[in-house]
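Engineer: This is the structure alone, sequence omitted:
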């Protein structure tokens, strides 16, 4: 029995088939089948029932899965605690919502590289709905997004909420709400959906919302006088200090944005878990002082 055989066994049991396991592990189907056969021969028992729909665990397979998961977790802890941080040269694929990019992503990456100087990091910026899908599909290792993700294989670490504020062009009369365009988040985001519902309830169906895929571009639209905007207060305050926009109170605002550092917890990767914990620490220092 080898670690490779146990790892392969776990992927086949999780995904329910040799083909899917081979794709996940980037090896051939014959290689996966060979490892499973060798494992069954070494244990002297059948681990899977094979059908035309895939494979299911036998009673002995269920027992082995429990042991194999504990062994896999132990291996991750050994790598995390024994291997020096400056020797870690793995690839960490991080997906980030733009709100976080505009706030605390730079100090987070600085801390991450200080802790893991040889780590290879690949950053993808996208809306949270796409980041969620990419994480579930395993094309990302860590996602900093509007969460949490309700998926059995995903772990979520709470991040500080981000408060929203209303902004308008500086040195201009603030127009009545409902009669001026409202500039805010991307159409495929939760803030846009909640904003649309609230604006419709308050001002009717004729109210205009201009979605923007870029927070920075949206704030520039506000500064140019196209309309008022609903954006994270700490991002908008940058332009407030430049006397280009002002914050105002129309009497209501959406609830703060809720973010999580989400990562694949099954199978567990200690590097991803530590990176998520670091994101939590950095975000609290940045947003909570």
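Structural biologist: Happy to help now that I have it. Fair warning: this is a prediction, and the values are worked out from it, not measured in the lab.
Engineer: pretty sure residue 204 is touching residue 177, no?
Structural biologist: No: contact criterion C-beta atoms under 8 Å: residue 204 and residue 177 do not qualify, at 11.3 Å. Quick note: C-beta positions are derived from backbone N, CA and C, even for glycine.
Engineer: of these two, who's got more company?
Structural biologist: Shown here are residue 204 and residue 177; by other C-beta atoms under 10 Å, residue 177 has more neighbours (17 against 9).
Engineer: List phi and psi for the residue lying closest to the more buried one once chain neighbours are set aside.
Structural biologist: Nearest non-adjacent residue to residue 177, counting by C-beta to C-beta, 6 or more residues apart in numbering: residue 250, 4.9 Å away. Backbone torsions for residue 250, taken as degrees, to the nearest 10, come to phi -80, psi 0.
Engineer: Residue 250 against residue 166, yeah?
Structural biologist: Yes: checked against C-beta under 8 Å, the pair residue 250 and residue 166 is within contact range at 5.7 Å.
Engineer: Which one's more surrounded, those two?
Structural biologist: residue 166 (24 against 15).
Engineer: beta partners of the more buried one?
Structural biologist: residue 230, residue 248 (DSSP bridges).
Engineer: Find me the pLDDT at it, would you?
Structural biologist: Looking at residue 166, its pLDDT is 97.
Engineer: and it, what does it touch?
Structural biologist: Contacts for residue 166 (C-beta atoms under 8 Å, 6 or more residues apart in numbering) come out as 228-230, 247-250, 253.
Engineer: quick one: the residue of the chain positioned farthest from its centre and residue 157, what's the gap?
Structural biologist: Ranked by distance from the centre of the chain (C-alpha atoms, centre = their mean), the top residue is residue 44, with 42.0 Å. According to C-beta to C-beta, to the nearest Å, residue 44 and residue 157 sit 42 Å apart.
Engineer: Centroid-nearest residue for the protein?
Structural biologist: Centre-nearest of the chain using C-alpha atoms, centre = their mean is residue 143, 2.0 Å out.
Engineer: Now that residue, what are its backbone angles?
Structural biologist: The phi/psi pair for residue 143 (degrees, to the nearest 10) is phi -130, psi 130.
Engineer: sorry, back to before: show me which of the contacts of residue 166 are buried.
Structural biologist: 228-230 (16 or more other C-beta atoms under 10 Å).
Engineer: just curious, which of the residues you listed is nearest to residue 212?
Structural biologist: Proximity of these to residue 212 (C-beta to C-beta) peaks at residue 229, which lies at 8.4 Å.
Engineer: tell me the strands in the stretch 1-150 of the chain, going along the chain?
Structural biologist: When assigned using DSSP state E, counting those that start in this stretch, the strands of the stretch 1-150 of the chain occupy the ranges 48-51, 54-57, 91-96, 120-125, 142-146.
Engineer: Out of those, which one sits most buried?
Structural biologist: When the strands of the stretch 1-150 of the chain are scored by mean count of other C-beta atoms under 10 Å, the highest mean neighbour count falls to strand 142-146 (a mean of 27).
Engineer: Averaged pLDDT, that strand. What do you get?
Structural biologist: Averaging pLDDT along strand 142-146 yields 97.
Engineer: residues in contact with that strand?
Structural biologist: Residues outside strand 142-146 that contact it (C-beta under 8 Å, 6+ apart): 92-97, 99-100, 105, 128, 131-132, 134-135, 149, 159, 189-190, 257-263, 272, 275-276, 279.
Engineer: do that again at 7 Å, thanks
Structural biologist: Strand 142-146 is touched from outside by 92, 94-97, 100, 128, 131-132, 135, 190, 257-263, 272, 275-276, 279, with contacts defined as C-beta atoms under 7 Å, 6 or more residues apart in numbering.
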